[in-house]
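Q: Predicted coordinates and the sequence they were generated for:
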Amino acid sequence: MTELFFSDIASLSQLIQTKKLSPVEITDGTLKRIEQIDPTVNAFIKVLAEDARKQAVKLEQEVMDGQVRGPLHGVPIAIKDILETKGHETTAGSRVFESWIPDRDATVVDKLKEAGAIIIGKANLHEFAMGATTENPHYGVCRNPWDLERVPGGSSGGSAVAVATGMCYGAIGTDTAGSIRLPAAICGITGLKPTYGRVSRNGCLPFSWSLDHIGPMTRTVKDAAIMLEAISGYDPLDSSSSFLPIDIQWERGLPDLRGIKLAVVREHFFEDLDSELKVVIEQAITDIQAQGAEIIEIQFEGLSDALQALKLIAQSEVLAFHEPILKKHQHLYGEDLQYRFNFGQSISAVQYLSAQRIRSKFIEEVKKKLSGFDALLAPANAKRPFPIGTVPPDQAISNMFNLGRTPFGNIVGFPAMTIPCGFMPGNLPVGLQIIGKPFEEHRILQIAYVYERSHHWVAKLAQNEAYLTNPIRNS
Amino acid sequence: MDLKEYLMHVLELAEEPAIQYAEEEPAFAFTLEERGKKDD
């Protein structure tokens, strides 16, 4: 049975479509799995058992009637609890929104339901998605399934842990500086931050509106593509929305990586890495080269300034949303967020506007430098995840920069994904980041898919079951 | 209940927070051309 919980979406869908497994059986099994595992890792703020069962019954009937909606039909998916779900609390991991029950679904949730997905629960997160550890002061600490005494990364820590432990078949995360990719890398799964505008943010509580992205977190590359296809598309309710369709032919045409040209930037991305993590990343790059890709080192002018600009933009925009709430309800926020807001209050309008100008100039530089390349390779995580309870609250802003090499993808808005590429000693996963050009998700999916086909790191997720179910005996 | 209603009536805010996803000009976005907008 454990094997089934770690199935990929594509295989599960085959079992549903051929009537070997029903959506009701899968949903009941998943709910039991959550009952068994979640008390150990705390990945969910709320499990939507009743609704999930109702939806499963309806979808099962559709299968019996020969009306399968697509590969997500009858598949349990978790949603980060910062996206609106009609009739269910959407807390954003905060006390401020603990009693908010939206009267609509976020566009992404709506699209998943249309595709036949079963919303199994609302996943834990760093409060308001504003941190890299998912040590939530209101709903409890989410734990790293590979080492329960360490953080799982964040802010979409609950989504990553739910996928990594077989408590759902895919999850939705949000990413403002790396909140999909960092926990995905730390937990040993795949995480995809699409191009800015590819997926509607309507119905997602804002962190930083010019940096926020929504995307899939899955066990395999193909599953990420399946979910991306379901949730992307133009939405008039998001003013930055894209009209471009996803290239669904991504799976075809790349037997290996011959003819693929990949850039590597040593500045920032490879600086101050954990030495054992660095060995794993370098090996992954060597493997990709052995699969035929050409790897060329390049430099970006203004990289350091652009990353500094991200901090100014994020802290200004987050304050614009929260300031009126802070005036009345400051006591409801966690301690680390108070430090963030203090920093935001020190930023002037001139600094914010200058940061956006630096960003625009930097995007042009990156477009120019990447014009002859298919993608950029980089580490996703940079350090061992912190032991729980060891991060001082005043370090909240720098955490994402300490733990990951992901904020670059947000400042430029280009698509970026992480795939598992090995383990550090201590059985801690490492993620390889593949960053593409705007609206070229298909290309990074292709590269990731070729690598994944010859490196079966995903199998390790199910093998972690022994530790997860008896961490003391196995430690 | 929608977000604005929650903010104004449950949290009883004196002013409405900035929510810039739908109604306003985006602070940052790829150009319409890059986003695939075609002239009708």
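A: Received it, and whenever you're ready, just let me know what you need. Residues are numbered from 1 along each chain as shown, chains lettered A, B, ... in the order given.
Q: any idea how far the residue of chain A positioned farthest from its centre lies from A:L312?
A: For chain A, the largest distance from the centre (CA atoms, centre = their mean) belongs to A:D65, which lies 34.9 Å off. According to CB to CB, to the nearest Å, A:D65 stands 55 Å off from A:L312. C-beta coordinates here come from the backbone N, C-alpha and C atoms, glycine included.
Q: quick one: contacts for the residue of the stretch 1-150 of chain A found nearest chain B?
A: Closest to chain B within the stretch 1-150 of chain A is A:W100: 4.8 Å, counting by CB to the nearest CB. The contact partners of A:W100, by CB atoms under 8 Å, 6 or more residues apart in numbering or on different chains, come to A:E89, A:T90, A:T91, B:M1, B:L3, B:Y6, B:V10.
Q: Sitting in helices, which of these do you find?
A: The members of the contacts of A:W100 that map onto helices under DSSP state H are B:L3.
Q: Next, format the contacts of A:W100 as TSV and append neighbour count and pLDDT.
A: Shown next, in TSV, are the contacts of A:W100 (neighbours: other CB atoms under 10 Å in any protein chain shown; pLDDT from 0 to 100):
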residue	neighbour count	pLDDT
A:E89	15	97
A:T90	28	98
A:T91	25	98
B:M1	14	91
B:L3	19	91
B:Y6	19	93
B:V10	13	92
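Q: wait, which of the contacts of A:W100 is closest to A:P255?
A: Nearest to A:P255 among the contacts of A:W100 is A:T90, at 44.4 Å by CB to CB.
Q: residues touching that closest one, list them.
A: Going by CB under 8 Å, 6+ apart, A:T90 touches A:D81, A:I82, A:L83, A:E84, A:F97, A:W100, A:I101, A:P102, A:K122, A:L205.
Q: what do you get if the cut-off is 7 Å, keeping everything else the same?
A: Applying CB atoms under 7 Å, 6 or more residues apart in numbering or on different chains, we find A:T90 in contact with A:D81, A:L83, A:E84, A:F97, A:W100, A:P102.
Q: same check, this time on A:E452
A: A:T220, A:V221, A:I419.
Q: can you check B:L11 too?
A: For B:L11, the contacting residues are A:V96, A:I325, A:K328, A:H329, by CB under 7 Å, 6+ apart.
Q: Tabulate the residues you listed in JSON lines, adding columns for pLDDT and neighbour count.
A: Putting those into JSON lines (pLDDT from 0 to 100; neighbours: other CB atoms under 10 Å in any protein chain shown) gives the following:
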{"residue": "A:V96", "pLDDT": "96", "neighbour count": "24"}
{"residue": "A:I325", "pLDDT": "94", "neighbour count": "18"}
{"residue": "A:K328", "pLDDT": "93", "neighbour count": "13"}
{"residue": "A:H329", "pLDDT": "95", "neighbour count": "16"}
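Q: which two of those residues lie the greatest distance from each other?
A: Distances among the contacts of B:L11 were taken as CB to CB; the most separated pair is A:V96 and A:K328, at 9.9 Å.
Q: Need the phi and psi values for A:I419.
A: phi -130, psi 150 (degrees, to the nearest 10).
Q: for the one 4 residues further on, same thing?
A: Note on A:F423: its backbone torsions stand at phi -130, psi 150 [degrees, to the nearest 10].
Q: where's it relative to A:H126, distance?
A: 24 Å.
Q: so what's A:C204 bridging to?
A: A:L83 (DSSP bridges).
Q: right, and it touches A:I214 too?
A: Yes. Using CB atoms under 7 Å as the test, A:C204 is close enough to A:I214 to be in contact (6.0 Å).
Q: overlap in contacts of the two?
A: With CB under 7 Å, 6+ apart, A:C204 and A:I214 have common neighbours A:T174.
Q: thought A:Q55 was touching A:I120?
A: No. The criterion here is CB under 7 Å, and A:Q55 misses it with A:I120 at 9.5 Å.
Q: neighbour count winner among these two?
A: A:I120 (30 against 22; other CB atoms under 10 Å in any protein chain shown).
Q: ok, and that one, which helix or strand is that part of?
A: Assessed by DSSP states H and E, A:I120 sits inside strand A:118-123.
Q: which strands and helices sit next to that strand?
A: Applying 3 or more CB pairs under 7 Å, 6 or more residues apart in numbering or on different chains; DSSP states H and E, we find strand A:118-123 packed against helix A:23-41, strand A:44-47, helix A:49-64, strand A:76-80, helix A:107-114, helix A:157-164.
Q: Can you dump the C-alpha atoms of that strand in PDB for me?
A: Written as PDB, here are the backbone C-alpha positions of strand A:118-123 (Å, rounded to 0.1, in the frame of the first residue of the first chain):
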ATOM      1  CA  ILE A 118      -9.700  16.400  -5.100                       C
ATOM      2  CA  ILE A 119      -8.700  19.100  -2.600                       C
ATOM      3  CA  ILE A 120      -7.500  17.000   0.300                       C
ATOM      4  CA  GLY A 121      -6.400  19.700   2.700                       C
ATOM      5  CA  LYS A 122      -4.900  23.100   3.400                       C
ATOM      6  CA  ALA A 123      -1.100  22.900   3.900                       C
END
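Q: what residue ranges in the stretch 151-300 of chain A score low on pLDDT?
A: A:248, A:252-253 (pLDDT under 70).
Q: So which residues on it come close to chain B?
A: A:196-197, A:201-202, A:206, A:209-210, A:237-240, A:242-244 (CB under 7 Å from any CB of the partner chain).
Q: swap the cut-off to 8 Å and go again
A: By CB under 8 Å from any CB of the partner chain, the residues of the stretch 151-300 of chain A that approach chain B are A:195-197, A:201-202, A:204-206, A:209-211, A:236-244.
Q: returning to what we had before: most neighbours of all the contacts of A:E452, which one?
A: Using other CB under 10 Å as the neighbour criterion, A:I419 leads the contacts of A:E452 with 31 neighbours.
Q: residues in contact with it?
A: A:I419 is in contact with A:T190, A:V221, A:G431, A:L432, A:I434, A:A448, A:Y451, A:E452, A:W457, counting by CB under 8 Å, 6+ apart.
Q: now do A:G436
A: A:D374, A:A375, A:L376, A:F414, A:P415, A:A416, A:R443, A:I444.
Q: and those residues, which of them are in strands?
A: Per DSSP state E, strands hold the following members of those: A:A375, A:L376, A:A416.
Q: Now for A:Q345, how many residues are close by?
A: A total of 12 residues lie near A:Q345 under the criterion other CB under 10 Å.
Q: so it makes contact with A:L319?
A: Yes. Counting by CB atoms under 8 Å, A:Q345 touches A:L319, with 6.5 Å between them.
Q: which residue packs closest to A:N124, ignoring adjacent ones?
A: A:G158 (3.1 Å; CB to CB, 6 or more residues apart in numbering or on different chains).
Q: what do you get for A:E276?
A: A:M424 (4.6 Å).
Q: ranges for the helices of the stretch 351-475 of chain A?
A: Here the stretch 351-475 of chain A has its helices, by DSSP state H, counting those that start in this stretch, at A:396-403, A:407-412, A:441-454, A:459-463, A:465-469, A:471-474.
Q: Kindly reformat those helices as JSON lines containing mean pLDDT.
A: JSON lines is the format used below for the helices of the stretch 351-475 of chain A (pLDDT from 0 to 100):
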{"stretch": "helix A:396-403", "mean pLDDT": "81"}
{"stretch": "helix A:407-412", "mean pLDDT": "97"}
{"stretch": "helix A:441-454", "mean pLDDT": "95"}
{"stretch": "helix A:459-463", "mean pLDDT": "92"}
{"stretch": "helix A:465-469", "mean pLDDT": "88"}
{"stretch": "helix A:471-474", "mean pLDDT": "58"}
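Q: Would you reformat the ones you listed as JSON lines and include distance to A:L307?
A: Listed next are the helices of the stretch 351-475 of chain A as JSON lines, based on distance: least, CB to CB, whole Å:
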{"stretch": "helix A:396-403", "distance to A:L307": "7"}
{"stretch": "helix A:407-412", "distance to A:L307": "6"}
{"stretch": "helix A:441-454", "distance to A:L307": "21"}
{"stretch": "helix A:459-463", "distance to A:L307": "32"}
{"stretch": "helix A:465-469", "distance to A:L307": "35"}
{"stretch": "helix A:471-474", "distance to A:L307": "37"}
